[in-house]
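# model this:
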Amino acid sequence: MGRKLALLVGINYPGTKAELKGCHNDVDRMHQCLVDRFGFDEEDINVLVDRDSSGPQPTGANIRHALAKLVGDASPGDFLFFHYSGHGTRLPAETGQDDDTGYDECIVPSDMNLITDQDFRDLVMKVPDGCIFTIVSDSCHSGGLLDQAKEQIGNSYQTQSREPEERSESGSGFRSFLKETARDVFKTHIRHGKSQHGGEDQDESDEQPTGDGHTKNRSLPLSTLIEMLKDQTGKDDIEEGSIRLTLFNVFGEDSSPKIKKFMKVMLGKFHEGGSGEQGGVMGMVGALAHEFLKAKLEGNEEETFKPALEQNVDSVEEVYAGTKSWAPNNGILISGCQTSQTSADATTAQGSSFGALSNAIQTILADKHGKVTNKDLVMKARESLAKQGYKQQPGLYCSDENVHVAFIC
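You can find the predicted model right below:
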């Protein structure tokens with residue numbers, strides 16, 4: 001029997017405008033479940049929460065390092081488990097290319113140093129053969145978090161591109177992005193109507209199940225992400241349309257590998273354009289990005305951009321949002337919702353807080369002491385959440401061979 005190794009991350013963002021209530025409780029309950037039901041040893045469970053400042057915080061760098069260690073320590077036959085409760089977000093395209101029209105689904109660490117879906121795919125590709133790596137993400141837009149894993153239960157991959165008429169009416173991908181951003185900001189304030197995927201936007205009242213409790217969603221709008229980045233960095237010049245540039249500027253070597261690859265591509269475009277030239281892709285990205293890069297290049301270019309320049313990028317398409325690539329076979333993702341949906345952070349009338357998916361999982365496992373397969377768990381979670389009045393639809397993403405294996409181990 002192989003070892004059982006786990007990383008549990010719960011982020012409530014206390015004291016911020018993005019504060020949640022149930023993520024620490026989700027981790028506490030899953031921690032106890034791993035020990036009591038699945039036989040994990042305490043020393044093999046790593047926990048990152050922002051409950052206080054006394055221990056390691058769930059920053060982007062710390063989560064990446066912990067995930068890398070989880071996978072790096074694994075041997076064939078081991079069972080790996082990662083649980084995340086916190087905000088999710090979606091980054092739209094920013095290269096300025098007309099055919100770059102997808103989204104990067106991300107989880108949101110406590111310092112806003114985003115971890116992308118492609119980062120998770122690259123991580124799972126490093127899992128040794130013979131290991132099973134199960135990921136539970138109780139966050140918004142989590143249906144696409146394991147990039148290109150086969151969808152077994154869900155409808156996230158119907159289409160993630162913008163409407164054809166939008167692309168045709170604008171000669172610039174960046175202008176199209178600005179239009180979409182304006183619409184998203186408008187939706188953030190009114191939170192009503194239909195989403196671009198045909199479903200209703202999930203606001204707090206939409207997600208409220210029956211009862212006297214309170215529910216909010218675990219989605220972080222770009223506008224809120226920007227405000228929180230401003231608060232953390234003291235910078236006032238962070239704007240929509242340059243999120244990836246900002247993340248690289250703030251986090252450098254600790255930023256997402258995909259962010260670093262994006263920066264390498266944009267640096268190449270800058271050099272191709274020549275000094276002061278505003279045409280091409282850089283012109284589409286906008287004057288703010290151009291001035292940011294120019295200021296950096298006038299300093300120590302090699303040192304400043306070393307993390308990006310060291311990346312291997314074969315083509316610009318590699319840094320497109322929602323880049324398509326072959327799927328890893330030994331990763332299993334159980335998502336709190338579909339890519340276009342939000343996941344609920346609920347507080348009961350008695351003051352108990354939890355993620356809707358996390359609570360459903362614990363309830364299902366408590367009611368059934370025998371084997372629960374991945375498919376059984378997701379189908380029962382969907383049924384349970386629907387009965388409670390939630391609109392989110394959990395999903396299962398994995399290879400065919402892992403659909404009917406036991407959840408976790």
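
# list the buried residues for the helix or strand harbouring Glu383?
Glu383 is located in helix 374-388, with elements delineated by DSSP states H and E. Buried residues in helix 374-388, counted by 16 or more other CB atoms under 10 Å: Asn374, Lys375, Asp376, Leu377, Val378, Lys380, Ala381, Arg382, Ser384, Leu385. Where C-beta positions appear, they are placed from N, C-alpha and C, glycine not excepted.

# ok, now stretch 346-353?
Residues Ala346, Thr347, Ser353 are the ones in stretch 346-353 that count as buried (16+ other CB under 10 Å).

# secondary structure added to those residues, as JSON lines?
As requested, those are arranged in JSON lines below (DSSP: H, G, I helix; E, B strand; the rest coil):
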{"residue": "Ala346", "secondary structure": "strand"}
{"residue": "Thr347", "secondary structure": "strand"}
{"residue": "Ser353", "secondary structure": "strand"}
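
# ok, of those residues, which one's closest to Thr233?
Ser353 (29.4 Å; CB to CB).

# okay, and the beta partners of that closest one?
Thr347 (DSSP bridges).

# can you tell me how far it sits from Ile135?
Separation of Ser353 from Ile135 (CB to CB, to the nearest Å) stands at 22 Å.

# excluding covalently adjacent residues, which one is nearest to Lys306?
Once flanking residues are discounted, Lys306 sits nearest to Glu253: 7.8 Å by CB to CB, 6 or more residues apart in numbering.

# for the stretch 101-250 of the chain, what spans make up the helices?
Ranges of helices in the stretch 101-250 of the chain, per DSSP state H, counting those that start in this stretch, are 117-124, 164-168, 173-190, 204-207, 222-233, 243-251.

# lowest average pLDDT across those helices?
Lowest mean pLDDT within the helices of the stretch 101-250 of the chain: helix 164-168, at a mean of 35.

# ok, back up a step: which phi and psi does the residue nearest to Lys306 have?
Backbone geometry at Glu253, expressed as degrees, to the nearest 10, gives phi -60, psi -30.

# shouldn't it be in contact with Pro307?
Yes - using CB atoms under 8 Å, Glu253 makes contact with Pro307 at a distance of 4.3 Å.

# just name the shakiest helix or strand of the protein by mean pLDDT.
Least confident helix or strand, the chain: helix 164-168 with a mean of 35, by mean pLDDT, DSSP states H and E.

# separation between Ser358 and Met228?
In terms of CB to CB, Ser358 sits 23 Å off from Met228.

# do Gly72 as well
Gly72 is 31 Å from Met228, where distance means CB to CB.

# one more: Thr373?
Distance of Thr373 to Met228, given as CB to CB: 39 Å.

# among the two, which residue is more densely surrounded?
Neighbour totals were compared for Thr373 and Met228, and Met228 leads with 21 against 15 (other CB atoms under 10 Å).

# what residue ranges in this structure score low on pLDDT?
Across the chain, the ranges flagged by pLDDT under 70 are 96, 98-99, 101, 147-148, 156-212, 270-302, 323-328.

# in contact with the spatially most central residue of it, which residues?
Taking CA atoms, centre = their mean, the centroid of the chain lies closest to Cys106, which sits 2.1 Å from it. Contacts for Cys106 were tallied using CB atoms under 8 Å, 6 or more residues apart in numbering; they are Gly88, Thr89, Arg90, Leu91, Leu114, Ile115, Thr116, Asp117.
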